[in-house]
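1. Just to be clear, the model below is a prediction. Sequence and coordinates:
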Amino acid sequence: MSEVTIFHNPACETSRNTLAMIRNAGIEPAIIEYLKTPPGRAEILAIVAAAGLTLRQALREKGTPFAELGLGDPALGDDALLDAIAAHPILLNRPFVVTALGTRLCRPSERVLDILPASQQAPFSKEDGTRVGDAP
């Protein structure tokens with residue numbers, strides 16, 4: 001695995017901003033476009049646990065079949081949620097970033113700064129113009 005790995009959706013502004021912040025720290029991460037190459041069940045569970053979340057907390061509702069699949073039902077266990085994610089990878093929230101310093105669901109994108117092994121190399125603005133980072 002690369003020093004930094006991002007589970008990325010290029011159609012997501014938060015994911016694009018997170019990737020840009022990683023690159024602004026001088027790091028070229030391993031990029032896993034998880035909608036094209038979904039992680040397996042064990043990898044999903046490991047990433048979510050490493051981020052300190054439950055599988056339910058890692059689900060994305062907006063723009064997904066969450067409601068149609070009845071995933072808001074608290075009686076559904078992890079096996080049912082994993083089945084749903086396997087059938088519809090868009091249900092896995094993004095972007096997850098994995099580094100030697102930790103794993104985070106980077107929502108908001110600035111959360112990535114806590115786990116990068118290098119500081120921002122230059123001032124950084126997100127796509128919406130918001131300034132972030134720890135650049136000199």
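-> That came through, no problem. Numbering: from 1, shown residues only.
2. now what about the helix ranked longest in the chain, what contacts it?
-> The residue-count maximum for a helix in the chain (DSSP state H) belongs to helix 13-24. When contacts are defined by Cβ atoms under 8 Å, 6 or more residues apart in numbering, helix 13-24 is touched by residues 4, 6, 8-10, 29, 31, 94-95, 97, 106-110, 112-113, 116, 120-122, 124, 126-128, 132-133, 135. (C-beta placed from N, C-alpha, C; glycine too.)
3. Next: stretch 95-114.
-> With Cβ under 8 Å, 6+ apart, stretch 95-114 has contacts from 1, 3-9, 12, 14-15, 17-19, 21-22, 29, 47-48, 50-51, 53, 58, 93-94, 115-117, 120, 126, 132-134.
4. Remind me what the helix or strand of the chain with the lowest mean pLDDT packs against, helices and strands.
-> Across the helices and strands of the chain, mean pLDDT, DSSP states H and E gives its lowest value to strand 131-132, namely a mean of 90. If you count contacts as 3 or more Cβ pairs under 8 Å, 6 or more residues apart in numbering; DSSP states H and E, strand 131-132 packs onto strand 124-125.
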